[in-house]
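Colleague: got a sequence here, can you build the structure:
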Amino acid sequence: MILEEIDYTGYAELLIDLGVNLQPGQNLIIRYHVGGSLLARRCAELAYQRGATLVVMDPLDTHLTRARIAAQVNKERALAAIPGWVEAWQRTVLTEKWAYLKLESYEDLGLLKDTHQNALMIYEKYLRANISHFWNAIIAHDIQWCVAGVPGPHWAERVLGKGRNTAELWNILQPILLLDQKTPIEAWKAKARCLQKYANRLNALKLDALHFEGGGTDLWVGLLPTSIWKGAVEQCRGITTLPNIPTEEVFTTPNRLRCDGVVRVTRPVELRGTVVKDAVLTFKGGMLVNYSAEEGIDALKGFVDTDQGATKLGEVALVSEDSPIARSGLIFDAVLYDENASCHIALGAGYSRSLSTPKSLDTDEEKIAAGCNVSLVHQDFMIGSESIKVSGIDRSGRKTTIIRNGRFAI
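Modeller: Sure thing, here's the model as predicted:
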């Protein structure tokens, strides 16, 4: 089997019918890396079959990004340039409530490793700043969105070893994506209900903080009185969506000013096209005060230097080490998969929708006042393992073991 022979019909149905839950007459943007064009095309065809009015394809090419950065090093004005129509694009998408599907390809992983990291940081910082309205809508789930991965030959070799192919990786991904089930959409709804049960149990504990310990990690993460644990599904104007496929996490928004201790990152993390390995992060008073990595330290520094919010937590998530992704025993070098194999924290923007505030938090000032972190970026760092214990401490000081030996104990 070669790439062009893979049947993505079931995958496309999952992404369109449950991921973004496209509505008849709605418009859809599909942003995809060029290596994912086959799946993108199938999703677009299906979207039209489901009654979409417009499907706009937005291809990305990491090779072109590398070429631009190389040519514009030390030319900040050029790195900051963005088409004038972007503001009108954002206004159209948000006003007309388009749906958004992002298809991640990992074929170019490492391509930006030798790129000038400061120039790359400047480029991405200005890019995010200029699409901030769209970015904030994603964070707040004001529009329907979903992100999913696309298998490819280079990713297959990275995960499975030299000489392995896309079809072999696809065979591994299908049960993880529940595409081996008779009715994958119903199987995902059942998984969502299971994850929500864990979220409900955590909410009932009314936790004030989490303590991660084991394997060189000793980290305290403070929560807010308004922090709400969520799992799998989101509601957008009454429409149920599944923003991440796959998903195995329950998560919440922590207190941006309360994080102390040291944490070892247990899985590689891709930052702006560079793989960061064996990172160690140290926090004090909510802020990242020191960090190191065996590989990719320049990329990590470039990320942290994006803005002040990139040094604080925007998310904390719990994942059992018996998830299908963890049970595979594979490192996917893809955050969408690796984050669902392991507990993780995220540096950068927090999810205001994970806070039970009396009114929506529409401005950065309102989010910060509510304890929610604000940043142009959001990046998960996996910190779980089978040696990790997670305890929850409520407001009276009572401690509850939530995860023992990497698995849920509640």
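
Colleague: quick check: the nearest residue to Y351 once chain neighbours are set aside vs T226, distance?
Modeller: Spatial nearest neighbour of Y351, excluding adjacent residues (C-beta to C-beta, 6 or more residues apart in numbering): T253 at 5.1 Å. All C-beta atoms are positioned from the backbone trio N, CA, C, and that covers glycine. The gap separating T253 from T226 is 8 Å, by C-beta to C-beta, to the nearest Å.

Colleague: what helices or strands is the host helix or strand of Y337 leaning on?
Modeller: Using DSSP states H and E, the element containing Y337 is helix 335-338. The contact analysis (3 or more C-beta pairs under 8 Å, 6 or more residues apart in numbering; DSSP states H and E) places helix 335-338 against strand 145-150, strand 269-271, strand 378-382.

Colleague: what sits against V233?
Modeller: Residues near V233 by C-beta atoms under 8 Å, 6 or more residues apart in numbering: A192, Q196, T240, T241, L242.

Colleague: about what we covered before: now do the helix or strand following the helix holding Y337 against strand 378-382, angle only.
Modeller: Proceeding N to C from helix 335-338, the next assigned helix or strand is strand 344-348, under DSSP H and E. Counting by axes from the mean of the first three to the mean of the last three C-alpha atoms, to 10 degrees, strand 344-348 lies at 150 degrees to strand 378-382.

Colleague: could you list every helix and strand in contact with strand 344-348?
Modeller: strand 313-318, strand 378-382.

Colleague: tell me the pLDDT at the most centrally placed residue in the chain?
Modeller: Taking C-alpha atoms, centre = their mean, the centroid of the chain lies closest to L336, which sits 5.9 Å from it. With respect to pLDDT, L336 scores 94.

Colleague: check T274 too.
Modeller: pLDDT for T274: 87.

Colleague: so it sits against M121, correct?
Modeller: No. The criterion here is C-beta atoms under 8 Å, and T274 misses it with M121 at 11.4 Å.

Colleague: longest strand anywhere in this structure?
Modeller: Ordering each strand of the chain by length in residues (DSSP state E) puts strand 254-264 first.

Colleague: related to what we said a few turns ago, residue contacts, the residue nearest to the centre of the chain?
Modeller: Counting by C-beta under 8 Å, 6+ apart, L336 makes contact with E104, V147, A148, G149, N244, P246.

Colleague: where along the stretch 201-350 of the chain do the helices fall?
Modeller: With DSSP state H, counting those that start in this stretch as the criterion, the stretch 201-350 of the chain has helices at 297-304, 324-327, 335-338.

Colleague: out of the ones you listed, which is closest to R201?
Modeller: Comparison of the helices of the stretch 201-350 of the chain against R201 by C-beta to C-beta identifies helix 324-327 as nearest, at 20.4 Å.

Colleague: and that closest one, what other elements does it pack with?
Modeller: Applying 3+ C-beta pairs under 8 Å, 6+ apart, one finds that helix 324-327 contacts helix 166-176.

Colleague: ok now the helix it packs on, how far from the chain's centre?
Modeller: Centroid separation between helix 166-176 and its chain, computed with C-alpha atoms, centre = their mean, to the nearest Å, is 21 Å.

Colleague: again, but for stretch 381-389
Modeller: The chain centroid and the centroid of stretch 381-389 are separated by 18 Å under C-alpha atoms, centre = their mean.

Colleague: same question for that stretch, mean pLDDT?
Modeller: For stretch 381-389, mean pLDDT is 95.

Colleague: residues making contact with that stretch?
Modeller: So stretch 381-389 is contacted by 212-215, 217, 219, 263-267, 269, 279, 281, 319, 321, 338-339, 341-347, 401, 403-406 (C-beta under 8 Å, 6+ apart).

Colleague: can you get me the start-to-end distance on that stretch?
Modeller: Criterion C-alpha to C-alpha, to the nearest Å; first-to-last residue distance in stretch 381-389 is 17 Å.

Colleague: pull out the buried positions in that stretch.
Modeller: Within stretch 381-389, the residues that count as buried by 16 or more other C-beta atoms under 10 Å are F381, M382, I383, G384, S385, I388, K389.

Colleague: what does stretch 287-302 give?
Modeller: L288, Y291, A293, G296, I297, D298, A299, L300, G302.

Colleague: which one of the residues you listed is nearest K312?
Modeller: For these, the residue nearest K312 by C-beta to C-beta is L288; the value is 7.2 Å.

Colleague: for the closest residue to that closest one other than its chain neighbours, give me its contacts.
Modeller: Of all residues not flanking L288 in the chain, T311 sits nearest, at 4.2 Å (C-beta to C-beta, 6+ apart). Applying C-beta under 8 Å, 6+ apart to T311 gives the contacts M287, L288, V304, L347.

Colleague: what about 6 Å?
Modeller: Neighbouring residues of T311 by C-beta atoms under 6 Å, 6 or more residues apart in numbering: M287, L288, V304.

Colleague: would you turn the residues you listed into a markdown table with pLDDT?
Modeller: Shown next, in a markdown table, are the contacts of T311 (pLDDT from 0 to 100):
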| residue | pLDDT |
| --- | --- |
| M287 | 98 |
| L288 | 98 |
| V304 | 95 |
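
Colleague: okay, those residues in TSV with distance to I176 next?
Modeller: Shown next, in TSV, are those (distance: C-beta to C-beta, whole Å):
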residue	distance to I176
M287	35
L288	31
V304	31
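
Colleague: out of those, the closest to S356 would be?
Modeller: Proximity of the contacts of T311 to S356 (C-beta to C-beta) peaks at M287, which lies at 25.3 Å.

Colleague: and Q117, how many residues sit next to it?
Modeller: Look at Q117: counted by other C-beta atoms under 10 Å, it has 24 neighbours.

Colleague: these two touch, right, it and F303?
Modeller: No. Using C-beta atoms under 6 Å, Q117 is not in contact with F303, being 9.0 Å away.

Colleague: ok so, going back, could you measure from the residue nearest to L288 over to V289?
Modeller: Distance, T311 to V289, by C-beta to C-beta: 8 Å.

Colleague: now do the SS call for G110.
Modeller: Using DSSP: H, G, I helix; E, B strand; the rest coil, the structure places G110 in coil.

Colleague: what residues are up against it?
Modeller: Counting by C-beta under 6 Å, 6+ apart, G110 touches V275.

Colleague: right, and P268 touches K277 too?
Modeller: Yes. Between P268 and K277 there is a contact at 4.9 Å, judged by C-beta under 6 Å.

Colleague: the more surrounded of the two?
Modeller: The neighbour comparison of P268 against K277 (other C-beta under 10 Å) goes to P268, with 22 against 15.

Colleague: since that was my last question, I'll sign off now.
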